[in-house]
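> Sequence plus the predicted model coming up.
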Amino acid sequence: MEEKNTTPLRQRMIEDMNIRGLCEKTQKAHIRNVKHFASFLGRPPDTATPEDLRSYQLKMTQEGVTASTFNVRIISLRFFFGVTCSRDEMKRFMQFHRNPRKLPIVLSVGEVADLMAAVPGPGLKYRAALGISYGAGLRASEVCNLKVKDIDSDRMLIHADDGKGGRDRKAMLSPSLLDLLPDYWRESRPEGWLFPGKPKINPLSPRQLNRAFTSAKHMAGIKKAATLHSLRHSFATHLLEANTDVRVIQVLLRACQADDDGTIHPCGDEDDPRHGQPFRADEAASGRDPAMRTGVAPGVGVPAKAGDR
């Protein structure tokens, strides 16, 4: 990350973030949040006292700042004082807000099928993109940044780039997606980006994909307040309903490593006695791996219910 006309203090913070390998998005958020604190102070932020921190947190609380925004700002200040200023004692005066956990909105298997059938055209591009979002549990940014070369049909894997935290990962390629994607490729012949935008040198944007999801949801008559990210929650829920091993679901939603022969080495819970136990991607996707006998409904990569297999 580079900034013009930066102060020595800000430059030092940027260097500290670079040393620790923080992605550009995180760096910008930290800089923005420290600027917000400095604006509140009316003087350089490294001169703040514990009482200043208390007043800042009280002001955010009185203004009704959401728990997530409150906590993100505190995280930035903890980095600033703990790392850049070497003032660890200031962390004692920072408090996090508890963010009430809400159950995510999940679509049923039937609703997902109806939604996919209602995806707008022209062509199969948006249906294929939303199918990957659901059938592989990918985030919108991961779907939009896919390239043609990222689809590995031999090993039944998808190389997902630019995931949360800027880390690459491998995702499963279900047999149903393997049927849908060739149809899309024969129709559109994409080069470079799997889902090109306009102009084609740019990828499809998450905003465009969100619009396609919203349009399909409306056309399918789905009344739930579901978002594009609900497909990812639905992916995990339907696998769980299909009696898939929780360890496998965790692996599919998180980063994992794949060898050249398609063997997956999961990054699961170290307390789990099966932590790090490898399994084959092609066997898992086809149901031959006992840890992942999921089955899929035709066309959209929907995990089938246990009674349907």
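Alright, I've got the coordinates.

> For the rest of this, base every contact and every neighbour count on C-alpha atoms.
Fine.

> Low-confidence regions, the stretch 201-309 of the chain specifically.
Judged by pLDDT under 70, the stretch 201-309 of the chain has its weakly predicted residues at 246-309.

> what about residue 50, how many residues close to it?
If you count neighbours by other Cα atoms under 10 Å, residue 50 ends up with 14.

> how about it, what does it touch?
Counting by Cα atoms under 8 Å, 6 or more residues apart in numbering, residue 50 makes contact with 90, 93.

> buried ones in the longest helix along the chain?
Ranked by number of residues, the top helix in the chain under DSSP state H is helix 24-41. For helix 24-41, the buried set under the neighbour-count rule, 16 or more other Cα atoms under 10 Å, comprises 24, 27, 30, 31, 33, 34, 37, 38, 41.

> What of stretch 84-97?
In stretch 84-97, counting by 16+ other Cα under 10 Å, buried: 84, 85, 90, 91, 94.

> For that stretch, give me every contacting residue.
The contact list for stretch 84-97 (Cα under 8 Å, 6+ apart) reads 12-13, 16, 46, 50, 53-54, 57, 67-68, 70-71, 74, 78, 81-82.

> rerun at 10 Å
For stretch 84-97, contacts defined as Cα atoms under 10 Å, 6 or more residues apart in numbering pick out 9-17, 45-54, 56-57, 61, 66-75, 77-82.

> Which parts of the stretch 101-250 of the chain are strands?
Here the stretch 101-250 of the chain has its strands, by DSSP state E, counting those that start in this stretch, at 151-152, 157-160, 169-172.

> which ones are touching the residue lying closest to residue 99 once chain neighbours are set aside?
Spatial nearest neighbour of residue 99, chain neighbours left out: residue 67 (5.4 Å); criterion: Cα to Cα, 6 or more residues apart in numbering. By Cα under 10 Å, 6+ apart, the contact list for residue 67 reads 60, 61, 73, 96, 97, 98, 99, 100.

> same question, residue 103
residue 233.

> Then residue 35?
10, 29, 41, 44, 45.

> Show me the domain layout of this structure.
8-93, 109-308 (automatic domain parsing).

> ok, residue 87 to residue 49 distance?
From residue 87 over to residue 49 the distance is 11 Å, taken as Cα to Cα, to the nearest Å.

> before we move on, back to that, and which of the contacts of residue 35 is nearest residue 201?
residue 29 (28.2 Å; Cα to Cα).

> Next one: that closest one from residue 150, what distance?
30 Å.

> and stretch 19-28, what's its mean pLDDT?
Across stretch 19-28, pLDDT averages out at 92.

> End to end on it, go ahead and measure it.
For stretch 19-28, the end-to-end distance is 15 Å (Cα to Cα).

> Stretch 15-28 too?
In stretch 15-28, first residue to last residue: 13 Å (Cα to Cα).

> Could you check how far that stretch is from the centre of its chain?
For stretch 15-28, the separation from the chain centroid amounts to 19 Å (computed by Cα atoms, centre = their mean, to the nearest Å).

> picking that back up, a markdown table please, covering the buried residues of helix 24-41 and showing distance to residue 244.
Listed next are those as a markdown table, based on distance: Cα to Cα, whole Å:
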| residue | distance to residue 244 |
| --- | --- |
| 24 | 36 |
| 27 | 38 |
| 30 | 39 |
| 31 | 42 |
| 33 | 41 |
| 34 | 44 |
| 37 | 46 |
| 38 | 50 |
| 41 | 52 |
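
> now, which of these sits nearest residue 131?
Of all the buried residues of helix 24-41, residue 131 sits closest to residue 24, with 29.3 Å by Cα to Cα.

> Quick check: that closest one vs residue 18, distance?
9 Å.

> One more: residue 216?
From residue 216 across to residue 18, the span is 42 Å (Cα to Cα).

> Tell me which of the two has more neighbours.
The residue with more neighbours, out of residue 216 and residue 18, is residue 216; 21 against 14, by other Cα under 10 Å.

> isn't residue 207 right next to residue 140, touching?
Yes. The pair residue 207 and residue 140 qualifies as a contact (Cα atoms under 10 Å) at a distance of 8.8 Å.

> which of these two has more neighbours?
Legend: neighbour count by other Cα under 10 Å for residue 207 and residue 140, higher for residue 140 (23 against 12).

> okay, the more buried one: pLDDT?
90.

> wait, what's in contact with it?
Applying Cα under 10 Å, 6+ apart, we find residue 140 in contact with 129-130, 132-133, 163, 204-207, 209-210, 228-229, 231-232.
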